[in-house]
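Novice: Just the structure for this:
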Amino acid sequence: MAFYVIQQTTDLFGPDFPDFKRVEVGLSASQKALAAPPVIVECNEEAKSFGRFLVKTVQKLRAKNIRQIAVVCHGETYWEDLRSEFVASQLPLHVLTQRGERLAPDQPLVVLSRPNFIGGQEFDAVVLVGLEQGLVPPRIVDNPALAAAIEQQVLREMYLSITRARTRLIVAINQGAMPNNIIEGARAQSLISSGTIA
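Specialist: This next block holds a predicted model:
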């Protein structure tokens, strides 16, 4: 999935960038037991709010013995709802407020972060929020140069977020929304599929 996203960029790497499709990723036996293919989960009508749906998604992951989970909010419109729902959830929450914060590698925790603070961290599972049509990247019709620059920034942030996941990657989509073109392209190539937490 990360390789697909990086292929979409125009200015990150030169032609010598390695083809990660050929690289074997070594997982320990315990990590293999927790691993699952990337999945798109969509908020359902029963959920009281998108934030509440995401709390339940994280609770399902924790019930499957996924110890360290990051929720990366790409869509700023969702940040406050997520923060308030996760604070109220009584989960072992840590909100990242700067890049490079130290996290206990042996403790179960749920991290809520924006993409620009997630670098340098690694988690058993990563839930990406806000990668929806028209939201991230936003639609900009009257300035093609700005639209291209923002799209490249979004691709960098997506790549950074995706590569934080050790065993699971979940893209959460709000009710009535559609995944952005990058996620749709990955789905068309069978790199991610719609489903539930397995």
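Novice: Please, where are all the helices along the chain?
Specialist: For the chain, applying DSSP state H gives helices covering 2-7, 29-34, 50-63, 79-88, 144-162, 181-188.
Novice: Show me what the mean pLDDT comes to for the third one.
Specialist: For helix 50-63, the per-residue pLDDT values average out at 97.
Novice: for that helix, packing partners?
Specialist: Counting by 3 or more CB pairs under 8 Å, 6 or more residues apart in numbering; DSSP states H and E, the packing neighbours recorded for helix 50-63 are strand 68-73, helix 79-88, strand 123-129, strand 165-173. Yep, even glycine has a C-beta here, placed from its N, CA and C like the rest.
Novice: could you give the angle of the longest one to helix 50-63?
Specialist: Translated: helix 79-88. Counting by axes from the mean of the first three to the mean of the last three CA atoms, to 10 degrees, helix 79-88 lies at 50 degrees to helix 50-63.
Novice: who touches helix 79-88?
Specialist: Residues outside helix 79-88 that contact it (CB atoms under 8 Å, 6 or more residues apart in numbering): 49-52, 54-55, 58, 71, 73, 93, 95, 110, 112, 114, 129.
Novice: residue with max distance from the center of this structure?
Specialist: Distance to the chain centre peaks in the chain at residue 142, reaching 29.0 Å (criterion: CA atoms, centre = their mean).
Novice: Please report how far it lies from residue 41.
Specialist: According to CB to CB, to the nearest Å, residue 142 and residue 41 sit 34 Å apart.
Novice: dump the residue contacts of residue 51.
Specialist: 78, 81, 82, 84, 85, 86.
Novice: From residue 79, how far off is it?
Specialist: On the measure of CB to CB, residue 51 and residue 79 end up 10 Å apart.
Novice: before we move on, what about residue 181?
Specialist: Per CB to CB, residue 181 is found 23 Å from residue 79.
Novice: And those two? Which one has more around it.
Specialist: Using other CB atoms under 10 Å, the more surrounded residue of residue 181 and residue 79 is residue 79, with 16 against 13.
Novice: Enumerate every residue touching residue 31.
Specialist: Residues in contact with residue 31 (CB under 8 Å, 6+ apart) are 124, 166, 167.
Novice: Leaving out chain neighbours, which residue sits closest to the second one?
Specialist: What that stands for is residue 166. Nearest in space to residue 166, with sequence neighbours left out and distances taken as CB to CB, 6 or more residues apart in numbering, is residue 124 at 5.3 Å.
Novice: That neighbour contacts residue 164, doesn't it?
Specialist: No. Contact criterion CB atoms under 8 Å: residue 124 and residue 164 do not qualify, at 10.1 Å.
Novice: Which neighbours do these two have in common?
Specialist: With CB under 8 Å, 6+ apart as the test, residue 124 and residue 164 reach no residue in common.
Novice: rewinding a little: switch the helices and strands packed on helix 50-63 over to a markdown table; also include mean pLDDT and distance to residue 9.
Specialist: A markdown table is the format used below for the helices and strands packed on helix 50-63 (pLDDT from 0 to 100; distance: least, CB to CB, whole Å):
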| stretch | mean pLDDT | distance to residue 9 |
| --- | --- | --- |
| strand 68-73 | 98 | 18 |
| helix 79-88 | 97 | 25 |
| strand 123-129 | 97 | 17 |
| strand 165-173 | 96 | 18 |
